[in-house]
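Undergrad: what shape does this take:
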Amino acid sequence: MKKFAIILSGCGVYDGSEIHEAVMTMLAATKLGVMYQLYAPDIEQMHVINHLTGNVMDEKRNVLVESARIGRGNVKPLADLKLEIYDGIIFPGGFGVAKNLSSFAVKGVEFTVLPEVERVVKEAHELGKPIGALCISPVMIAKVIQGATVTIGQDKATVDVVKTLGGNHVETDHTGIAIDEKNKIVTTPCYMLDSSLAQIAEGAEHLVQAMIKM
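TA: Now for the predicted structure:
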């Protein structure tokens, strides 16, 4: 049985993992007979957003602790992730990718990637293990793996960032995937387009299916 590590960035689209994308990734894995383990970095979030108003709140939260909300408590520190026991890694989207796993939300094309995240992406790549990325996560993959082919859908500004980073971009629809056979990367746009929940589920399933075949 295949086993994937799913890497979260908190809980909630505006300051953590996009919950629908995370859950639909977990569901896709389960439906397709793939075991998974959730991981997240044990760090403080960039900030906390009131998801009702969109305003920044005057409090602090931890990415690992918040990710445990999605995993019903079953989430491990990213520092403990050992790639040799997994067949691939997947990054759901959400602003947490751009705020907690990287500095993309603040620095744009000049962003950096959290060292723990960069480590696992590079290790997976070096070991020839598939890497899945949803929504905005492909931008982070393009930063770490030079020449990666990814999709974020059709958003021109983000496509330009991918190209500036030296990546290749493939336009896709709501449930489509881009497959980089050379680098073993599979990506899907999710909420980078105006996707429905059903389309998120379908895109996640397409992504996991492609990773299994790799």
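
Undergrad: so what does the helix ranked longest in the chain touch, helix or strand wise?
TA: What stands out as the longest helix in the chain, according to DSSP state H, is helix 197-213. For helix 197-213, the elements it packs on are helix 19-31, strand 88-91, strand 131-134, strand 185-188, judged by 3 or more C-beta pairs under 8 Å, 6 or more residues apart in numbering; DSSP states H and E. Quick note: C-beta positions are derived from backbone N, CA and C, even for glycine.

Undergrad: next one: the residue of the chain most remote from its centre from Val48, what distance?
TA: Distance from the centre of the chain peaks at Asp58, with 26.6 Å (C-alpha atoms, centre = their mean). Note on Asp58: its distance to Val48, by C-beta to C-beta, to the nearest Å, is 8 Å.

Undergrad: tell me the contacts of the most centrally placed residue in the chain?
TA: Closest to where the C-alpha atoms of the chain average out (C-alpha atoms, centre = their mean) is Phe91, at 2.3 Å. Shown in contact with Phe91 (C-beta atoms under 8 Å, 6 or more residues apart in numbering): Ile6, Ile7, Val97, Leu101, Ile131, Gly132, Ala133, Leu134, Ser137, Met140, Ile141.

Undergrad: make sure the last one is indeed in a helix.
TA: In this case it means Ile141. Yes - per DSSP: H, G, I helix; E, B strand; the rest coil, Ile141 lies within a helix segment.

Undergrad: what is the burial count for the closest residue to it other than its chain neighbours?
TA: Excluding the flanking residues, the one nearest Ile141 by C-beta to C-beta, 6 or more residues apart in numbering is Ala133, at 4.9 Å. Using other C-beta atoms under 10 Å, Ala133 has 30 neighbouring residues.

Undergrad: quick revisit: could you measure from the residue farthest from the centre of the chain over to His47?
TA: With C-beta to C-beta as the criterion, Asp58 and His47 are 10 Å apart.

Undergrad: identify the contacts common to these two.
TA: With C-beta under 8 Å, 6+ apart, Asp58 and His47 have no common neighbours.

Undergrad: so where is the protein shaky, pLDDT-wise?
TA: Under the criterion pLDDT under 70, no range of the chain is flagged.

Undergrad: do a quick rundown of the helices in it.
TA: Counting by DSSP H, the helices of the chain are 19-31, 63-70, 95-99, 104-107, 115-126, 137-144, 156-164, 197-213.

Undergrad: other residues contacting the shortest one?
TA: Put plainly, it is helix 104-107. Met46, Phe95, Val97, Ala98, Lys99, Phe111, Ile136, Val139, Met140.
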